[in-house]
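Chemist: kindly generate the corresponding structure for this input.
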Amino acid sequence: MKALHFGAGNIGRGFIGKLLADAGAEVVFADVNQTVLDALNARHQYQVHVVGEQAHFETVSNVSAVHSGSDEVIHLIAKVDLVTTAVGPQILERIAPSIAQGLVGRHDAGNPQPLNIIACENMVRGTSQLKQHVLKALPEQYHTWLEASVGFVDSAVDRIVPPSEAGTHDPLEVTVETFSEWIVDKTQFAGQAPSIAGMELTDNLMAFVERKLFTLNTGHAITAYLGQYAGHKTIRDAILDPAIRQVVKGAMEESGAVLINRYGFEPVKHAAYINKILQRFENPYLHDDVERVGRQPLRKLGAGDRLIKPLQGCLDYGLSHANLVKGIAAAMQYHSEQDPQAQEWAALLEEFGPRAALSRVSGLEEDSKVVEQVVNVYNAMQ
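Modeler: Below you'll find the model as predicted:
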């Protein structure tokens, strides 16, 4: 199997690219970082530092790289068996035209093999959104062929991959936690799903997408926002603060009640899942900065994301949500000189005030009781 993977960053190399290579695939990374591309093409392998109680190094081999803006990407899409991405939600639209051109080449070359494309992004139904971008860029005469021959497979991914340690001189150095989870929608494959160890097939993807979004992502974000507010630097420091831990665990239990109502998860098993995530946040070998985890507050305060969506679920089912309210209020306090969204959020707060600013970003009604609750907590934190 030959796979083209968009995104040679830490998640691409440390998670998805590694799983593909471990499964015996020849992996070609597509990226814009020329230093990383040159290193991959010079070595054709790299090491992943897996950290936990039994920390160790694993070597990933049989890899190469191309520039994601080059014609080589287009030619590869005409030939490969699988395309995956780990580029970030905002970048999917940018790579769609190259994918569309590659699909035209694949069709015109008469390649009869089905192609599957899996966006492995921290978002809900990311591959379905990528498909819409590709369809916009693809001439209409190819649309029928695409529906029959190309599978756009949604997935849920979960692995904490912090930035490389400051001072490292190796552009390929990457550190990951032991835990990983890659769940894909088996109903969306064109042809037979590939056999990849670590890739789990399901016919109920949204249950797992929301389990991860409402638990790992919700808890991670609230830990970061409360951690920054309290003056902590890392996720570990923040989650070891008893006051923060209480709110984070409470918020995950509130969002968990939504999942139990919506999908029928077993309460005891979900409680164990929450505790496992808290332990992952405590990992002493992962030095994950609260400012990094909290970045892009506009996206994270959006209607379909990790803070507002579980809150809306609580409102729909008539469930308690006091800890989620505290987490959202803390998100409104987030600041970062390096994050454009943090600057934009600060400008919205300045121009419209907290109630209207939150409503504009989250889609919650400005005069609703829950917005009033959040703003009251936000004001008390000022």
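Chemist: buried residues, stretch 317-332. List them.
Modeler: Neighbour-count burial for stretch 317-332 flags 319, 321, 323-332 (criterion: 16 or more other C-beta atoms under 10 Å). Quick note: C-beta positions are derived from backbone N, CA and C, even for glycine.
Chemist: closest to L358 among the residues you listed?
Modeler: Lowest distance from L358 to these (C-beta to C-beta) belongs to M332, with 6.6 Å.
Chemist: the closest one and Q47: what is the separation?
Modeler: Noted for M332: a distance of 40 Å to Q47, by C-beta to C-beta, to the nearest Å.
Chemist: likewise K269?
Modeler: Counting by C-beta to C-beta, the gap from K269 to Q47 is 35 Å.
Chemist: which one's more surrounded, these two?
Modeler: More neighbours surround Q47 than the other of K269 and Q47, with 15 against 9 (other C-beta atoms under 10 Å).
Chemist: leaving out sequence neighbours, find the closest residue to that one.
Modeler: F57 (4.9 Å; C-beta to C-beta, 6 or more residues apart in numbering).
Chemist: A strand includes I118, no?
Modeler: Yes: per DSSP: H, G, I helix; E, B strand; the rest coil, I118 lies within a strand segment.
Chemist: bridged to it, which residues?
Modeler: Beta-bridge partners of I118, counted by DSSP bridges, are T84.
Chemist: how many other residues sit next to it?
Modeler: Applying other C-beta under 10 Å, we find 29 residues neighbouring I118.
Chemist: before we move on, what about L349?
Modeler: For L349, using other C-beta under 10 Å, the count is 16.
Chemist: the residue most central in space within the chain and R43, how far apart?
Modeler: Per C-alpha atoms, centre = their mean, the C-alpha nearest to the average position across the chain is that of N122, at 1.6 Å. For N122, the distance to R43 equals 28 Å [C-beta to C-beta].
Chemist: for I308, same thing?
Modeler: Distance from I308 to R43, by C-beta to C-beta: 44 Å.
Chemist: with neighbour numbers in mind, choose between those two.
Modeler: Set I308 next to R43 and count neighbours by other C-beta under 10 Å: I308 wins out with 23 against 13.
Chemist: give me the distance between the spatially closest residue to Q333 that is not a sequence neighbour and D241.
Modeler: Of all residues not flanking Q333 in the chain, Y229 sits nearest, at 5.3 Å (C-beta to C-beta, 6+ apart). Y229 is 11 Å from D241, where distance means C-beta to C-beta.
Chemist: one more: N283?
Modeler: Where D241 is concerned, N283 sits at a distance of 16 Å (C-beta to C-beta).
Chemist: comparing the two, which shows the higher neighbour count?
Modeler: Legend: neighbour count by other C-beta under 10 Å for N283 and D241, higher for N283 (20 against 17).
Chemist: how many residues are close by the residue lying closest to the more buried one once chain neighbours are set aside?
Modeler: Excluding the flanking residues, the one nearest N283 by C-beta to C-beta, 6+ apart is E177, at 5.9 Å. For E177, the count of nearby residues is 20 (other C-beta under 10 Å).
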